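> Here's a sequence, model it:
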Amino acid sequence: GQALARLASEAGIPRSSLFLQTKFTPIRGQDPNKVPYDPKAPLPDQVLQSFSVSTRNLGTSYVDSLLLHSPLQEYKDTLQVWRAFESVHRQGGAKILGISNAYDLSFLKKLYADATVKPKVVQNRFYGETGHDKKIRAWCIKEGIQYQSFWTLTANPDVLFSKAVLKICAENDKSPEQVFYRFVIQEGIVPLNGTTNIQHMKEDLDV
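Next up is the predicted model:
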């Protein structure tokens, strides 16, 4: 929240020009010392409590994207959480909804069919063990869903420093990270980046 306030006051960048995304994380994925909701409350209440904490911490009344951190063990529970997400969306709290860590295409198709407010984001770890989600990404394109990748660089060292990538680097005076980011962007993927290094930020944007 403090960073957003500084962007507005010092750099003149309004909230409306930013894309803010937050998550609801089920209890099994939470740090037991930092759970932002009552774990004994019904799932819909957990979602609303968590969302309230997120918006308060961010200093905003809404987010652009609200994601379910991962499917719950029981599909009926996942759907219950999704209904709570839809309530947040209808009340103007989240512009779009999505899900993370969902590697089962049949599950995604079922959720999409059952959802009233359809998922608009799928965010997954992008790596070889899942075939880089080739089938899921094709389905996302078909349904107009944005695929976001995380661990894009660290999960793909074999690709990042392959002969093909290094050859392109030499020919274009770019780093392996820049070449790989450019490739995934051209594939229609939005790669997430957690760097705090200003130079790396500048290089990653220059693709």
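
> got any ranges where the chain has weak pLDDT?
Counting by pLDDT under 70, the chain has no low-confidence residues at all.

> contacting residues for the residue positioned nearest the centre of the chain?
With distances taken as C-alpha atoms, centre = their mean, Gln123 lies nearest the centre of the chain, 4.5 Å away. Gln123 makes contacts with Leu67, Gly98, Ile99, Ser100, Asn101, Tyr147, Gln148, Ser149, Phe150, Leu192, as judged by C-beta atoms under 8 Å, 6 or more residues apart in numbering. All C-beta spots, glycine's among them, are computed from the backbone N, C-alpha and C.

> Spatially nearest residue to the last one (excluding sequence neighbours)?
What it means is Leu192. Closest residue in space to Leu192, ignoring its immediate chain neighbours: Phe150 at 4.7 Å, by C-beta to C-beta, 6 or more residues apart in numbering.

> Verify the stated contact: Leu103 with Asp133.
One correction, residue 103 is Tyr, not Leu. Yes. In this structure Tyr103 lies within contact range of Asp133 using C-beta atoms under 8 Å: 7.0 Å.

> Is the residue in the chain sticking out farthest from the centre inside a helix or a strand, and which specific one?
Largest separation from the mean C-alpha position in the chain: Glu171, at 32.5 Å (C-alpha atoms, centre = their mean). In this assignment (DSSP states H and E), Glu171 forms part of helix 163-172.
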